[in-house]
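Engineer: build me a model from this:
(chains A, B and C)
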Amino acid sequence: MQAETSMAHQNGATRNLRAMGRSFLTAAWLGWQIESNWTDPFLFAIYSVVKPVSGAAILVVMYGIISGGDFDSPLFAYIFLGNAFYIYVGSVMTGVSWAVLDDREHYKTLKYIFIAPIHAPSYLMGRGVARFLTGTISVIVTIAAGMLFLNLQLDLRAVDWPLFFAALGMGVIMLANLGLLLAGVTLTIANHVWFVGDTVAGALYLFSGAIFPLDVLPVWLRPLGFAMPLTYWLELLRRSLVGDVAQAFPTLAGLSNAQLFAILIGLSLLFGILAFAIYRWCEHAARERGLIDMVTNY
Amino acid sequence: MSDVAAIRTEELTRIYKIRGGKKSDPKELVALKDVDIQVERGELFGLLGPNGAGKTTLIKVLTTLLAPTKGRAYVAGYDVIKDPHEIRSRINMVSGGEASGYGLLTVRENLWMFSQFYGIPSKAANQRIKELLEIVGLGDRLNTKSSDLSSGMRQKMNIVRGFMTDPEILFLDEPTLGLDVGAARDVRNFIRDWMRQEDERTILLTTHYMVEADELCDRVAIINQGKVLACDTPKALKRQLQQVVIFQLQVSPCTVTPGMFDGIQGVRNFNHAHEDGYTTMEFTLEEDDILPAVIHQLAERDIHLLNLDKRQPSLEDVFVHLVGMRMEEVERGETG
Amino acid sequence: MERPADFARPYSPRLFFQTVIARAYPRIIGTQREKSWLFFDVFLPMLAVSAYVFVYRAIGAPETYIGFVVMGGAMTAFWMNILWSMSSQLYWEKEQGNLALYIIAPNSLMAILLGMAFGGLVATTLRAFAIVLFGSLLFKVQFAVTSFLALFGTFTLTMVALYGMGMMFSSLFLLLNREAWHLANLAQEPIYLLSGFYFPLRSLGFWVAASSSLIPLALGMDAMRQLVFLEGPSFGFLNVGIELAILGALSVIFLIGARYLLAYMERLAIREGRLTDSRR
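Structural biologist: Numbering: from 1, shown residues only, chains lettered A, B, ... in the order given. As a prediction, the model looks like this:
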């Protein structure tokens, strides 16, 4: 009897895993079909070159007019790299949460997806894959532009690649979880901002030490920055790429790479659990309030 | 009463160009072909045809939303291309299955907004909205957000939007699409009452429900593949079939083979459907005397007769007579 | 079927006005109904503004720049409104089935567009004002307004030009169908950069700044910065009077362009049958 129960459990677990895998892969394929028009040279130029480079250029101009064009300063490398990798925050979070709005209000398929025997969080994360890939191109283009035109101090031979890829991988998982949290919230709200992921990413810019050291924030705001996994993720990326520059700022200098990584894993886990819980709660609330097939328009 | 017909079309043709891939040449889809119809003032005129027959395209042309490729169309005496402004101040339109309006506004606010586009003063508009909503049974939903309405209620709101401006000519494109039986009946009653109130009111209604056309319309045009096949009162259309007789037979479950009754002279048309425990066969015969031959044929194949009905022709029969198959068969894309 | 005397006549100025108000209504009233706008349209942009403020603080910029950022942050609300609620709106109306109803109404489509613009302007002004208010309090921005009348006039003229541009884009975007999405996306960061949302316009150099002047927000913001900040005039690109004259010319061009493009869009769409087909 016990053996039968455990077998049933095992079967159930396998079924769940299969549903998750199927949901993720199908959604990744669908997302790619929707996003793949970036292979059009015009659209590639918009999303992977013009938008990210313009975003970086705003900061470059701001920095340039105040510093009198001192692009060799470590502060510039700090700002530029933080901003470049921050592109992932917007693209992955948008990729995951945008699927809710796009499927609900544009394709009007969200209701069919929710009644299908799929694993909804895996589906939504799958939809984010395409944006992650296009985001990667943007990051590379932005950094290349910095190196070519702005004397960004980045020596590819001196990069700590294992640390870089480990931090990047961990960060993407963490961002996908944050995207899921946002997708949950999106399920319960009207469509005010089309790119809710980008808007939230823009707001979190403030607390993540992406473009200025956390010391610049008022004392009462700093704890928020220290509580965000993004802060440690960006610091690890900077250290792996340009170790000296990152250490020029004292905020996190007291922590070793291993310590930073441990904090990143711990916080990612915590936010992951929180994200799933909030997503589940929001999904329940959306079903209860009949919002799964809402169309906003005003 | 004005002498000018409410609607008139002359050889009206509309061809859509459908683009294929980047390299392939655009294909042409003939949505309307040489359509000639005339709708008099005060008429409730029906366009009956399967999905894709060209009904909505005709409404789009008449409501000035789409230009004809060839031919002419006049509404209230005005040319749809030359005088769209004259036409627009005299018409309104309701399309079934559409969620027009803004979800964040209440039913009253949505309707009030549309009333303003027609120049109705707010006080008069609110009064009309209240009255019409009462009539369609939405009186208690005046202040409900339209996103909170069921699809049937939203459709009723949409219907009120069309009638609220009291147009001279109203275009109803499948107004009962997606409504349950009760709601569809309410809508039909509402349309009938509205027509009764004033002699000059004109409605052009498209539908693919035979009963709706039969029950509501003064005259009906049967349309298929962009062509008008017949146009007359429902009674006259059905009368065309009075030289034939229609028998409906319930027989023991059997396999029907193509050409099974081809040997019997005088069988104009034959349809069948397999039901739970029996098969229904419908025969259109040139005269009553052919029935024994049919029954004999059945007996030879060991098919037992369970029930027999002789019935009056319906518009469905008229359609079958004209097109050679049922409307559902046309919609499924079966060849005649 | 006589039309009651108190009804506005088809295509009359009175009906035009009535339509503008009616179409503005959902934007002014409807948008306030979902309270989440306070969070998404005020709180989150406020945080983004703060990030730019702290960048300036990190690199030791003078305090005048903080005021520039707060004002720029507030003005982004208008640009977002132009992109996502004006330019893309006719496309959305088509998808919802409303566009056909607007066209068959005995009315100028310009009235519908103006209504959308007016409604969007009022709703967005509320959001922008909230951002300026909170931003100023939070970062202790010092204002030195010399003439409220001049400021109000400049703001109004900027908005007329800006929303005129939005009205023109709405027809253009409808013609481009879903490609419009990409154009709206393209017009975010590059416009933030070229309009000088976060720094004085003249930092871009004369020729770039002069080209950016086609975007009404660039000159409008430059003029307003000169009018509200003590050191504003020393950061100005052109003299306020010249900037206002250019904005006036842009207003006329954009409004005429909007009218022409709208008529062109309607003609083309009626000919090709694109007005009522939803293309997902």
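Engineer: for B:Q155, which residues are in contact?
Structural biologist: Taking C-beta atoms under 8 Å, 6 or more residues apart in numbering or on different chains, we find B:Q155 in contact with B:96-97, B:175, B:177-179, B:183, B:187. Quick note: C-beta positions are derived from backbone N, CA and C, even for glycine.
Engineer: using a markdown table, lay out those residues together with distance to B:Q38.
Structural biologist: Below are the contacts of B:Q155 laid out as a markdown table (distance: C-beta to C-beta, whole Å):
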| residue | distance to B:Q38 |
| --- | --- |
| B:G96 | 25 |
| B:G97 | 28 |
| B:P175 | 22 |
| B:L177 | 26 |
| B:G178 | 31 |
| B:L179 | 30 |
| B:A183 | 32 |
| B:V187 | 26 |
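Engineer: name the element B:K17 belongs to?
Structural biologist: Under the criterion of DSSP states H and E, B:K17 resides in strand B:7-18.
Engineer: let me see the residues that make contact with the following helix or strand past that strand.
Structural biologist: Sequence-wise, the next helix or strand downstream of strand B:7-18 (DSSP H and E) is strand B:27-35. Residues outside strand B:27-35 that contact it (C-beta under 8 Å, 6+ apart): B:9, B:11-18, B:20, B:54, B:57-58, B:61, B:68, B:71, B:223, B:225-228.
Engineer: quick one, what contacts B:G71?
Structural biologist: Contacts of B:G71 (C-beta under 8 Å, 6+ apart): B:9-13, B:34-35.
Engineer: follow-up on the earlier one: each with direction, which strands does the strand holding B:K17 pair with?
Structural biologist: strand B:27-35 (antiparallel), strand B:38-39 (antiparallel), strand B:70-75 (antiparallel) (DSSP bridges).
Engineer: lowest mean pLDDT across those, which one is that?
Structural biologist: Mean pLDDT across the strands paired with strand B:7-18 is lowest at strand B:27-35; the value there is a mean of 90.
Engineer: residues of that one that come out buried?
Structural biologist: Going by neighbour count (16 or more other C-beta atoms under 10 Å in any protein chain shown), the buried part of strand B:27-35 is B:30-33, B:35.
Engineer: what about that strand, distance to the chain center?
Structural biologist: Here strand B:27-35 shows a centroid-to-chain-centroid distance of 19 Å under the convention C-alpha atoms, centre = their mean, to the nearest Å.
Engineer: and stretch C:71-91, by the same measure?
Structural biologist: That offset, for stretch C:71-91, works out to 5 Å (C-alpha atoms, centre = their mean).
Engineer: also stretch B:132-145?
Structural biologist: Relative to its chain's centre, stretch B:132-145 lies at 26 Å (C-alpha atoms, centre = their mean).
Engineer: quick check: end-to-end length of it?
Structural biologist: End-to-end distance of stretch B:132-145: 17 Å, with C-alpha to C-alpha, to the nearest Å as the criterion.
Engineer: does chain A have contacts with it?
Structural biologist: No. Stretch B:132-145 lies out of reach of chain A by C-beta under 8 Å from any C-beta of the partner chain, never closer than 10.8 Å.
Engineer: so which bits of that stretch are buried?
Structural biologist: Within stretch B:132-145, judged by 16+ other C-beta under 10 Å, the buried ones are B:132-133, B:135-136, B:138, B:141-142, B:145.
Engineer: pLDDT wise, what is the residue in chain B sticking out farthest from the centre at?
Structural biologist: The C-alpha centroid of chain B is most remote from B:E300, which lies 42.0 Å away (C-alpha atoms, centre = their mean). We have a pLDDT of 88 for B:E300.
Engineer: state the distance from it to B:G263.
Structural biologist: 11 Å (C-beta to C-beta, to the nearest Å).
Engineer: try A:N11
Structural biologist: 60 Å.
Engineer: what of B:G333?
Structural biologist: Taking C-beta to C-beta as the measure, B:G333 falls 29 Å from B:G263.
Engineer: per-domain residue ranges of chain B.
Structural biologist: Using automatic domain parsing, the domains assigned to chain B come out as B:7-238, B:245-312.
Engineer: give me the subset of the contacts of B:Q155 that lies in helices.
Structural biologist: B:183, B:187 (DSSP state H).
Engineer: quick one: buried ones out of the contacts of B:Q155?
Structural biologist: Buried members of these, scored by 16+ other C-beta under 10 Å, are B:96-97, B:175, B:177, B:179, B:183, B:187.
Engineer: rewinding a little: now the strand holding B:K17: buried residues?
Structural biologist: Here strand B:7-18 shows B:7-9, B:12-16 as buried, counting by 16+ other C-beta under 10 Å.
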